[in-house]
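**Q** Everything below, folded, please.
(one chain, ligands or ions: 1)
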Amino acid sequence: MIFEHISTGGCQSYLVGCPDTCSAILIDPELSRIDRYLALAARDGLRIHYVIDTHTHADHFSASRALAAQLDVPVVMHRFSPAPYVDLRLEDGEMLVVGKMRVQAMHTPGHTRDSICLRIEDRIFTGDTLLIGGTGRTDLPTGNPEALHDSLFGHLLKLDPALQVYPAHDYKGASASTLGAELANNPRLQKRSREEFVAMMNNLNLGMPTHLNEALRTNMSGGKTVAQMLADAAAVVPFMSLDELNARIAAGESDLLVLDVREREAYDKAHIPGARLLPRGQLELRVNQDLPDPTRRIVSYCEFGRISTLATATLRELGFARAVALDGGLRAWTEAGYPLTAKSD
Ligand SMILES: [Fe+2]
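**A** Reported below is the predicted structural model:
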């Protein structure tokens, strides 16, 4: 087995390949690491055939949809996954054949209703059903402590105790464990009666994950994260540095239109000398009147450099082929000590 373990903060992803055929699967990929997964697969000479999420993640952004689209392979999840972009929906006891490797799925609801564990040879990928020294929580949407108890004690922990455990999360830097070691030492597995286990899970009083709403929205719908929207815009937009713009303004370059896409109130307080105001929210409404020349060279800016990236992408879509965004916003411009004015042109 060719095996890569990719850790992103507490999130764990796994690239698992068949050495005879160079076929592979990718388990629980995280959105910010797409290039890393693809680079590892290329380095190891692997072709990814399936991208699998062990469940609907509530705490990080799944890369499954984006990767599957790039690789033209199916997204695999349990049948109960709410995500409309899942191509292959597994049920308990089903298996994927990946080269000479067999990927055995078991349905283990509890952390979420759509949780699965995947057994491949000597190891089991437990998602958030079983963590090293812990279990997944059961207080997020579709979580159910009774179901988790049944999945653990009635199903997962009945498998071969020598199976190595690879969870979807690990916050403690734990390296390896086995089902047997977890059964013996994992503090969450010591309350084995259903009532005691459920009472323990119901009294964990955990804080909510940082990106809960955005993670559920994007992972359940296939929609984009805000960071993805910005990255997509930044990928099609050239930037101009603060230095470069300052030098061009100082040199009196007249064919460069500096466009402030913030709101009127912010513009009136202070803006880059010579900048014209066209708030992002009014861009499409006013573009024809305010910017009649699509060949004009435009550099747009906002407070932090994010909204101006979106505005510049919109301008380029509208045909302003020479629109660029300032690398940084008025905040960075001010901190750099470059000139400001409150006077409108
Ligand atoms: Fe989870």
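**Q** Go ahead and name everything in contact with the host helix or strand of Arg65.
**A** Assigned by DSSP states H and E, Arg65 belongs to helix 64-71. With C-beta atoms under 8 Å, 6 or more residues apart in numbering as the test, helix 64-71 has contacts from 26, 29, 31, 34, 37-38, 48, 51-53, 74-75, 77, 83, 85, 87, 222, 228. For every residue, glycine as well, the C-beta is placed using N, CA and C.
**Q** ok, the next helix or strand after that helix: who's next to it in the sheet?
**A** Moving toward the C-terminus from helix 64-71, the next helix or strand (DSSP H and E) is strand 75-78. The pairing partners recorded for strand 75-78 under DSSP bridges are strand 47-52 (parallel), strand 88-90 (parallel).
**Q** Nearest residue to Glu146 in space, ignoring adjacent ones along the chain?
**A** Val198 (5.8 Å; C-beta to C-beta, 6 or more residues apart in numbering).
**Q** Next one: the closest residue to Phe153 other than its chain neighbours, what pLDDT does it get?
**A** Residue nearest to Phe153 in three dimensions, not counting chain neighbours: Arg192, with 6.3 Å by C-beta to C-beta, 6+ apart. At Arg192, the model reports a pLDDT of 92.
**Q** cool, Thr178 as well?
**A** Listed pLDDT for Thr178 reads 97.
**Q** May I see the buried residues of stretch 85-96?
**A** Tyr85, Val86, Leu88, Arg89, Leu90, Glu94, Leu96 (16 or more other C-beta atoms under 10 Å).
**Q** Relative to Asp20, which of the residues you listed is nearest.
**A** Nearest to Asp20 out of the buried residues of stretch 85-96 is Leu96 (C-beta to C-beta; 16.2 Å).
**Q** Enumerate every residue touching that closest one.
**A** Shown in contact with Leu96 (C-beta under 8 Å, 6+ apart): Ile25, Tyr50, Val76, Leu90, Arg102, Val103, Ala105.
**Q** cutoff 6 Å now
**A** Leu96 makes contact with Tyr50, Val103, according to C-beta atoms under 6 Å, 6 or more residues apart in numbering.
**Q** Can I take it that it is in a strand?
**A** Yes - when DSSP: H, G, I helix; E, B strand; the rest coil is applied, Leu96 is found to be in a strand.
**Q** and it, how far is that from Arg119?
**A** According to C-beta to C-beta, to the nearest Å, Leu96 stands 11 Å off from Arg119.
**Q** residues near the residue lying closest to Arg276 once chain neighbours are set aside, how many?
**A** Closest residue to Arg276 apart from its sequence neighbours, by C-beta to C-beta, 6+ apart: Leu259 at 5.8 Å. Burial of Leu259 is recorded as 27 neighbouring residues (other C-beta atoms under 10 Å).
**Q** ok, the residue sitting nearest the centre point of the chain - contacts?
**A** The centre of the chain sits closest to Phe61, judged by C-alpha atoms, centre = their mean, with a distance of 2.7 Å. Phe61 makes contact with Leu31, Ala215, Thr218, Thr225 under the criterion C-beta under 6 Å, 6+ apart.
**Q** quick one, phi psi at the third one?
**A** Going back to what we said before, that points to Thr218. Main-chain torsions, Thr218, degrees, to the nearest 10: phi -80, psi -40.
**Q** Now do the contacts for it.
**A** Neighbouring residues of Thr218 by C-beta under 6 Å, 6+ apart: Phe61, Thr225.
**Q** Tell me the pLDDT of it.
**A** 95.
**Q** Asp28 versus that one, what's the distance?
**A** Taken as C-beta to C-beta, the span from Thr218 to Asp28 is 15 Å.
**Q** For stretch 20-35, what is the distance to the chain centroid?
**A** Averaged C-alpha coordinates place stretch 20-35 at 14 Å from its chain's average position (C-alpha atoms, centre = their mean, to the nearest Å).
**Q** buried residues in it?
**A** Buried residues in stretch 20-35 (16+ other C-beta under 10 Å): Ser23, Ala24, Ile25, Leu26, Ile27, Asp28, Pro29, Glu30, Leu31, Ser32, Arg33.
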